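K.L.:
sequence and predicted structure are below.
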Amino acid sequence: MKNILLTGGSGFIGSHLVRLMVNKYPDYNIVNMDKLTYAGNPENIKDIENKSNYTFVQADIVDDTAIFELFKKYNFDAVIHLAAESHVDRSISNPKEFIMTNIVGTLNLLNAARDAWKDNMQDKVFYHISTDEVYGSLSDTGFFYEDTSYDPRSPYSASKASSDHIVRAYFHTYGLPIKISNCSNNYGSHQFPEKLIPLMIHNIKHNKPLPVYGEGLNIRDWLWVVDHARAIDTIFHNGEVGETYNIGGHNEWTNIDLVHLLCDTMDDRLGNEKGTARKLITFVKDRAGHDMRYAIDATKIKDELGWVPSVTFEEGLASTVDWYLENEQWLDNVTSGAYRSYYEGQYEKR
Ligand code: NAD
Ligand code: DAU
C-alpha cells in the first residue's frame, strides 16, 4: 500500500491523472487535495469518487497549517504536485494569485514533505509537474531541451520557473528526492474553456466570434492530456530521482491553422456547410508578451523510459471535439456565473 498525495486532481490534467492512478493501482491510496478554485471541478472525476482507494480533501496549498496537518494524518509516501494557477491571461491581470499558489504553495508542500520524511527519505518521491513555458520563447527553429536555460516571460511562467528552482534547491540542499517534468500544451476533455481549444469549440457551437490574438501566427506543440498522464505515471515509477524530463507531442501548429482545423471539424460535426465556422474568426488585440513558439524535444523520455504519445493529433482532436459536443451540460455548467464576467473583460478589438 502506498499513500500518494496528488494536488490539483480536480483540474484538467489532474483529473485525468487521478482517473489513471485510481483505476490502474488499486493498492495505492490516492488522496486528491484541491482548493476547488474556478478551475477545479468535482464533476471532472465523478466516475471514480466512490472508489475505495480514493479520498478527496478540500484545502489550499497556501495554507501551511492545513498542509502540515494533512501530512500528519496520511503518512504520505509520495507527492505528485499539479495544483497551480495555470492560465497565462489571468496571470497578466492578477499576478499575485500566481505567486501565492505556484511559489508559496509549492514551498509549503516541500516543507511539509521534508518534515514528514526527515528520518527516512528512502523510496519517497516529490514529483513536481511543470511547463515548457519556463524555457521562454523560440523563433522559427530549435527546440527546448532539459538543459535549456530558463527564460520565463509571463507572470505565470515566471511563477512556475521559480517553483522549479525551489524544488531543485530542496534536492541539492536537503536531499529531498524530487523529480520534475516540463510539458507542452495539453488538449482533451475537461479543460476549462478559457484555454484556446475548448474556448473555440464553445464559441463555434454558440455562433460567437472566435478571438485569435495578433495574427494567429504563434506556435504551440500540442499533446493529448491522456498521454501527459501516461508520461507522469512513467516518470513517477521509472524516472530517476533528481532528474528532469521534457514531455511533448512533436506536434507544432500555428494558432490560426489549428483554429481553421477546429472550424472545419465542427462544421462537419454540426452538419454545417464547410466555411461556416471560419467566418466567425476575429483577430483581437495580442496577448501582452505573447511567446512566439514552443517546441519540446522529448528524446530523453522516449530513449530512457520508452514513453511516446499513443494517438495522432487527428485522432485526439476528433475525440476531444466529440467529447465537448456530447457533454454540453459540463460546458454549460462551467461557462455560467463568474466565467461570463471573466470572458467579457478579456478581449479587446485589434
Ligand atoms: P487547471 O487550472 O485546469 O487545474 C488546476 C487545479 O489546481 C484546479 O483543480 C484548482 O482548483 C487547483 N488549485 C489551484 N490553486 C490551488 C491552491 N492554492 N490549492 C490547492 N489547489 C489549487 O490546470 P491544468 O491545466 O490541469 O494544469 C495542471 C498542472 O500542469 C499545472 O501545474 C500546470 O502548470 C501544469 N501544466 C499544464 C499544461 C497545460 O497545457 N494545461 C501543460 C504543462 C504543464
Ligand atoms: O505550454 C504549456 C502551457 O500551455 C501551460 O503551462 C499552460 O498552463 C496552458 O494554459 C498553456 O498555455 P498557453 O498560453 O500556450 O495556452 P492557451 O490555450 O491560453 O493559448 C494557446 C495559444 O492560443 C496562445 O498562443 C494564445 C492563443 N490564444 C489563446 C486564447 C485563450 C488566442 O489566440 N485566443 C484566445 O482566446
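P.N.:
Nice, I can see it. Ligands and ions are numbered 1, 2, ... in the order given.
K.L.:
so where do the helices sit in the stretch 1-150 of the chain?
P.N.:
12-24, 64-74, 88-93, 95-98, 106-116 (DSSP state H, counting those that start in this stretch).
K.L.:
give the rounded mean pLDDT of the shortest one.
P.N.:
Think helix 95-98. Model confidence over helix 95-98, given as mean pLDDT, is 98.
K.L.:
let me know which of the helices of the stretch 1-150 of the chain is the nearest to ligand 1.
P.N.:
Evaluated with CB to the nearest ligand atom, the helices of the stretch 1-150 of the chain place helix 12-24 nearest to ligand 1, the distance being 3.5 Å. Every C-beta, even on glycine, is put in place using the N, C-alpha and C of the backbone.
K.L.:
hmm, who's touching the closest one?
P.N.:
For helix 12-24, contacts defined as CB atoms under 8 Å, 6 or more residues apart in numbering pick out 4, 6-9, 28, 30, 32, 34, 39, 41, 44-45, 47-48, 51, 53-54, 80, 82-83, 86, 129, 186, 188, 190-192, 195, 225-226, 228-230, 232-233.
K.L.:
what residues does this structure have near ligand 1?
P.N.:
For the chain, the residues found near ligand 1 under the criterion CB under 6 Å from any ligand atom are 7-8, 10-14, 34-37, 39-40, 60-62, 82-86, 101, 105, 129, 131, 160, 183, 185-186, 192.
K.L.:
go again with 5 Å.
P.N.:
Contact residues, the chain versus ligand 1 (CB under 5 Å from any ligand atom): 8, 10-13, 34-35, 37, 39-40, 60-61, 82-84, 86, 101, 105, 129, 131, 183, 185-186.
K.L.:
find the nearest non-adjacent residue to the single nearest residue of the stretch 1-150 of the chain relative to ligand 2, please.
P.N.:
In the stretch 1-150 of the chain, the residue found nearest to ligand 2 is T131; the distance is 3.1 Å by CB to the nearest ligand atom. Taking CB to CB, 6 or more residues apart in numbering as the measure, T131 lies nearest to K160, with 5.2 Å between them; neighbours along the chain are not counted.
K.L.:
can you count the residues close to the one you found?
P.N.:
29 (other CB atoms under 10 Å).
K.L.:
CA atoms of the helix or strand hosting it as CSV?
P.N.:
K160 is part of helix 155-174 when elements are defined by DSSP states H and E. This file holds the C-alpha atoms of helix 155-174, laid out as CSV (Å, rounded to 0.1, in the frame of the first residue of the first chain):
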residue,chain,number,x,y,z
PRO,A,155,3.9,36.1,-14.5
TYR,A,156,2.6,32.5,-14.9
SER,A,157,5.8,31.1,-16.4
ALA,A,158,7.9,33.1,-14.0
SER,A,159,6.0,31.6,-11.1
LYS,A,160,6.4,28.1,-12.5
ALA,A,161,10.1,28.7,-13.2
SER,A,162,10.5,29.9,-9.6
SER,A,163,8.8,26.8,-8.2
ASP,A,164,11.0,24.5,-10.4
HIS,A,165,14.1,26.2,-9.0
ILE,A,166,12.9,25.9,-5.4
VAL,A,167,12.1,22.2,-5.9
ARG,A,168,15.6,21.6,-7.3
ALA,A,169,17.1,23.6,-4.4
TYR,A,170,15.4,21.2,-2.0
PHE,A,171,17.1,18.3,-3.8
HIS,A,172,20.6,19.8,-3.7
THR,A,173,20.3,21.4,-0.2
TYR,A,174,18.3,18.9,1.8
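K.L.:
for that helix, which helices and strands make contact with it?
P.N.:
Where contact means 3 or more CB pairs under 8 Å, 6 or more residues apart in numbering; DSSP states H and E, helix 155-174 is packed against helix 88-93, helix 95-98, helix 106-116, strand 125-131, strand 178-183.
K.L.:
okay, the ones you listed in TSV with mean neighbour count next?
P.N.:
Formatted as TSV, the entries for the helices and strands packed on helix 155-174 read as follows, by neighbours: other CB atoms under 10 Å:
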stretch	mean neighbour count
helix 88-93	18
helix 95-98	17
helix 106-116	21
strand 125-131	24
strand 178-183	24
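K.L.:
CSV for the ones you listed, including distance to E348?
P.N.:
Supplementary listing: the helices and strands packed on helix 155-174 in CSV, determined by distance: least, CB to CB, whole Å:
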stretch, distance to E348
helix 88-93, 12
helix 95-98, 19
helix 106-116, 33
strand 125-131, 26
strand 178-183, 30
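K.L.:
mind listing what the closest residue to ligand 1 within the stretch 201-350 of the chain touches?
P.N.:
Per CB to the nearest ligand atom, the residue of the stretch 201-350 of the chain with the smallest distance to ligand 1 is H228, at 7.1 Å. Neighbour list for H228: I13, H16, C183, N186, I247 [criterion: CB under 8 Å, 6+ apart].
K.L.:
could you chop this structure up by domain?
P.N.:
Following automatic domain parsing, the chain resolves into domains at 2-187+223-247, 196-219+252-289+312-346.
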